[in-house]
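[1] here's a sequence, model it:
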Amino acid sequence: QVHLVESGGGPVQTGASLRLSCKSDDRMFSTYIMAWFRQAPGKEREFVAGVSQEGGKTNYADSVVGRFTISKDNPKNTMYLQMNSLKPDDTAVYYCASTLGLFKSLVLTSAEQFDAWGQGTQVTVSS
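    The predicted structure follows:
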């Protein structure tokens, strides 16, 4: 079973930056398609950003385009989410997710497509 561990969350003020990390001890890490999702209180989990197996393809939710950057470092078994210009609306628990990829350039955006999830890391942005 894939084990994913997120880190890097915390309380920040509007306009600040954070970098989330998602690390795995799975030797098959390089074959996984991965993504970040988030869930705010009282809301459904939503897609934030996705990345292909080798990191060459990415996709973003409209609400974070131009502010967030997803990346995947296969030698380090780690995926990142660089978040800049944070807003109060970005406040949520952020989860990383993974699934085995069959196509190198494929990026997935639906939660149902992923079968492994981390425990989440809280991001709180105050105004």
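
[2] if the residue most central in space within the chain is in a bridge, with which residues?
    Closest residue to the average C-alpha location of the chain: Trp36 at 2.3 Å, with C-alpha atoms, centre = their mean. Beta-bridge pairing of Trp36 under DSSP bridges involves Ala49, Cys96.

[3] for Leu18, same thing?
    With DSSP bridges as the rule, Leu18 is bridged to Met83.

[4] surely it and Asp90 touch.
    No. Counting by C-beta atoms under 8 Å, Leu18 stays clear of Asp90, with 9.1 Å between them. (Glycine included, C-beta is placed from N, CA and C.)

[5] hey, what's in contact with both of those two?
    Listed as contacting both Leu18 and Asp90 by C-beta atoms under 8 Å, 6 or more residues apart in numbering are 83, 123.

[6] skipping its backbone neighbours, what lies nearest Gly101 in space?
    Among residues not flanking Gly101 along the chain, Ile33 sits closest, at 4.0 Å (C-beta to C-beta, 6 or more residues apart in numbering).

[7] tell me who's in contact with that neighbour.
    Under the criterion of C-beta under 8 Å, 6+ apart, the neighbours of Ile33 are 50-53, 98-101, 106-108.
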